[in-house]
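Participant: Dropping a prediction and its sequence here:
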Amino acid sequence: MKEFLFLDLDDTIFQTLRKCENQENLTIAAYLENGQPISYFSHKQKILLTRLTERAVIIPTTARSFAAFKRVNINFTNFAIVDFGGIILNPDGKADLAWLEQITNKAESSGGELIKIFEIISKFISTNKLDLRSRIIKDFEIDFYIVVKNNSESSSKENLNYLYKSLSDNIVNEYKANFYIHYNDNNLSVIPNFLNKVHAVKYIINKLKTEYGENIIWGMGDSLTDKDFMSICDYAIMPTKSQVFKNLMSKNNV
């Protein structure tokens with residue numbers, strides 16, 4: 001029986017230098033467009049990745065765009081999920097055309113609302129003079145979701161927290177039926193409901209079952225947006241300092 005691991009990347013198996021508790025024995029994990037390192041494996045993470053790779057076929061399951069994914073310093077050889085599940089890459093590295101067609105049709109249906117939300121957020125940031133920047137993430141000529149980040153490492157996290165509370169309480173109420181908000185430390189995303197890693201994971205699991213029969217499926221992630229895809233796997237793995245683990249512990253009053 002084959003084993004497959006759907007693996008989130010950022011803050012699960014590597015992170016930026018700022019988030020590295022121990023900055024000794026780091027290995028470069030990902031690069032910026034200009035070639036500068038941006039993310040790193042800790043010594044433990046590097047060992048863990050090696051052992052996971054020896055045991056299972058790794059399927060990256062990330063919010064990264066295709067271009068950002070290609071700058072990750074890991075040699076993946078099977079399927080990959082990028083753009084929060086918007087794009088599925090086949091083992092040959094090319095987009096799965098059947099999935100791409102489905103997503104394109106759904107994105108076209110919600111595109112008008114996405115632009116309106118982006119305009120509302122941009123105006124809110126400007127009016128309240130928040131030290132934030134926002135943009136629509138576009139890949140394969142598809143507008144996928146909105147992301148908002150601090151302008152710099154020194155920006156106050158209160159800016160993003162204020163925006164998050166305002167978004168949740170009132171400024172996008174009329175769009176709540178079709179979108180959800182992901183907020184995790186230093187970034188915030190407004191995402192259409194059709195865009196969720198779990199849909200892409202289900203699609204690939206069915207392909208794997210057709211090809212190999214029954215398999216052991218693992219899911220590993222750090223964020224609340226990862227819990228849905230991890231829940232349909234046979235087993236879930238999460239870092240103990242992750243958002244999803246802390247949320248689980250708080251609900252259990254641990």
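Facilitator: Received, thanks.
Participant: Where does the prediction get shaky in the stretch 151-254 of the chain?
Facilitator: Filtered on pLDDT under 70, the stretch 151-254 of the chain yields the residue ranges 153-155, 171, 185, 251-254.
Participant: and if we set it to 90?
Facilitator: 151-162, 164-178, 180-187, 241-243, 246-254 (pLDDT under 90).
Participant: would you list every one of the helices in the stretch 51-200 of the chain?
Facilitator: 66-70, 97-127, 157-166, 197-212 (DSSP state H, counting those that start in this stretch).
Participant: Quick check, central residue of the chain?
Facilitator: residue 63 (2.8 Å; CA atoms, centre = their mean).
Participant: so that one touches residue 189, yeah?
Facilitator: Yes: using CB atoms under 8 Å, residue 63 is in contact with residue 189, at 7.5 Å. C-beta here means a position set from N, CA and C on the backbone, and glycine is covered the same way.
Participant: Kindly point out which residues are neighbours of both of these two.
Facilitator: Both residue 63 and residue 189 are in contact with residue 84, where contact means CB atoms under 8 Å, 6 or more residues apart in numbering.
Participant: Kindly provide the distance from the closest residue to residue 38 other than its chain neighbours to residue 106.
Facilitator: Nearest residue to residue 38, sequence neighbours excluded (CB to CB, 6 or more residues apart in numbering): residue 32, at 4.9 Å. Per CB to CB, to the nearest Å, residue 32 is found 30 Å from residue 106.
Participant: Which of the two has more residues huddled nearby?
Facilitator: Between residue 32 and residue 106, residue 106 has the larger neighbour count (other CB atoms under 10 Å), namely 17 against 11.
Participant: For residue 118, see how far away that one is.
Facilitator: Residue 106 is 18 Å from residue 118, by CB to CB.
Participant: same question, residue 29
Facilitator: Taking CB to CB, one finds residue 29 at 30 Å from residue 118.
Participant: And those two? Which one has more around it.
Facilitator: Shown here are residue 29 and residue 118; by other CB under 10 Å, residue 29 has more neighbours (24 against 18).
Participant: That one: what's it in contact with?
Facilitator: If you count contacts by CB under 8 Å, 6+ apart, then residue 29 has 13, 14, 39, 40, 41, 72, 73, 74 around it.
Participant: mind running it again at 10 Å?
Facilitator: Listed by CB atoms under 10 Å, 6 or more residues apart in numbering, the contact set of residue 29 reads 9-10, 13-16, 37-42, 45-46, 49, 71-74.
Participant: Checking it next. Helix, strand or coil?
Facilitator: strand (DSSP: H, G, I helix; E, B strand; the rest coil).
Participant: And for it, nearest residue in space, chain neighbours not counted?
Facilitator: Residue 29's closest residue in space is residue 14 (CB to CB, 6+ apart), at 3.5 Å.
Participant: First-to-last residue distance for stretch 68-87?
Facilitator: Length of stretch 68-87, first residue to last, CA to CA, to the nearest Å: 13 Å.
Participant: So which bits of that stretch are buried?
Facilitator: By neighbour count with 16 or more other CB atoms under 10 Å, stretch 68-87 contains the buried residues 68-69, 71-72, 74, 76, 79-87.
Participant: out of these, who's nearest residue 197?
Facilitator: Comparing the buried residues of stretch 68-87 against residue 197 with CB to CB places residue 85 closest, at 4.4 Å.
Participant: excluding its backbone neighbours, what's nearest that closest one?
Facilitator: residue 200 (3.7 Å).
Participant: Might you report the residue contacts of the one you found?
Facilitator: 6, 59, 61, 79-88, 96, 99, 103, 229.
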